[in-house]
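**Student:** Quick one: sequence and predicted model below, then my questions.
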Amino acid sequence: MSDLVDAVLPVLEEVTRLRVGDGPVIRLVTPEAWHAAHTAYTGRVVLRDIRDFAFPDAAYEVFRRAALTRHSRRTSLWRLVRGAVVETEAWEPEILLVPDALAEWGVEDDGLMAFLAHHLARVGQHRASGGTAFLAHETLFKEARGWPDIATDHALHGHARWADAEVTTRLIGRKVGMRTGRESAEMKTLMTVVGSGSGSSGSGGSGGEADGETPQAVQDAGAVWAVDVVTLAGADTLNLAWTAPSLLPTRREIADPEQWVARVARPPGEASPCAGCGRPA
């Protein structure tokens, strides 16, 4: 895998113009370890919310259960998710990869290349935002933090999907889709259930902002937004999205990239509308 990381990383940084840095942590985990890592991460996110808003400690378990319910698809449906980026106790990003899931998908080197590009792009988002993009994605209190309309699932996962398609196209001459044609029988059944809307996909999103859309549709729409923004204004303009949560696109702007570009491409020296936002007064 280290050879693939070495091949993917410089191309990813060139395409996205994001700095991932040396030695991103990639952990191979069992489904049980996957579940434990996500449960612990959810607990840390809830505790941060409680501390930021000075809720009583007694609220912790109530909010934690609510968060675990909201995030249940990515803790339980590890077969579909295959991997994710979570934050450690030090709020540093690390990539979790579930080999059992990759085996059930029939993933080979091309699919692993796309997976690594996708999740290294997520690490790049974290680095560029100082973690605030992840805070915006995970918090239970977007509205209270002043971010009621931002489309974090679309932006984060769509951007990463655009990035992995660009990287694989440069390295092997084609995009690599999620389907391999080598899925196990159980995986095919699970994908049928998910495709019917009875289950959940593996984008790793919160699920709170995309009611009525499948996770795959959310990711696809976000990828189209990323392509359009890069075409209109370049990757550096797209990367303004990571500089403050209020600069992430809204649902309306996902469908209208020109509107988002017009909003964020302010004249030099004009103050960001997000100064001090996201934390309680």
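**Tutor:** Cool, the structure landed. Residues are numbered from 1 along each chain as shown.

**Student:** what's near enough to touch residue 184?
**Tutor:** Neighbouring residues of residue 184 by Cβ atoms under 8 Å, 6 or more residues apart in numbering: 103, 104, 105, 106. For glycine as for every other residue, the C-beta is placed from the backbone atoms N, C-alpha and C.

**Student:** Give me the secondary structure label for the second one.
**Tutor:** Of the three states, residue 104 takes helix under DSSP: H, G, I helix; E, B strand; the rest coil.

**Student:** Give the burial count for it, as a bare number.
**Tutor:** 21 (other Cβ atoms under 10 Å).

**Student:** What of the first one?
**Tutor:** Other residues lying near residue 103 total 13 when counted by other Cβ under 10 Å.

**Student:** can you pull the contacts of it?
**Tutor:** Residue 103 makes contact with residue 184, according to Cβ under 8 Å, 6+ apart.

**Student:** Against residue 113, how distant is it?
**Tutor:** Here the criterion is Cβ to Cβ, to the nearest Å. By it, residue 103 lies 17 Å from residue 113.

**Student:** Excluding sequence neighbours, find me the nearest residue to residue 30.
**Tutor:** Distances taken as Cβ to Cβ, 6 or more residues apart in numbering put residue 100 closest to residue 30, at 7.0 Å, once the chain neighbours are dropped.

**Student:** low-scoring stretches of the chain, by residue?
**Tutor:** Along the chain, segments meeting pLDDT under 70 span 68, 70-77, 194-212, 266-281.

**Student:** The same query, at a cut-off of 80, please.
**Tutor:** Residue ranges of the chain with pLDDT under 80: 22-23, 57-62, 64-81, 178-179, 190-212, 266-281.

**Student:** Quick check: phi and psi at the residue nearest to residue 168 when sequence neighbours are not counted.
**Tutor:** Sequence neighbours aside, residue 176 is the residue nearest to residue 168 in space, at 4.7 Å (criterion: Cβ to Cβ, 6+ apart). Per-residue torsions, residue 176: phi -120, psi 120 (degrees, to the nearest 10).

**Student:** Residue 176 - how many residues pack around it?
**Tutor:** For residue 176, the neighbour count with other Cβ under 10 Å is 24.
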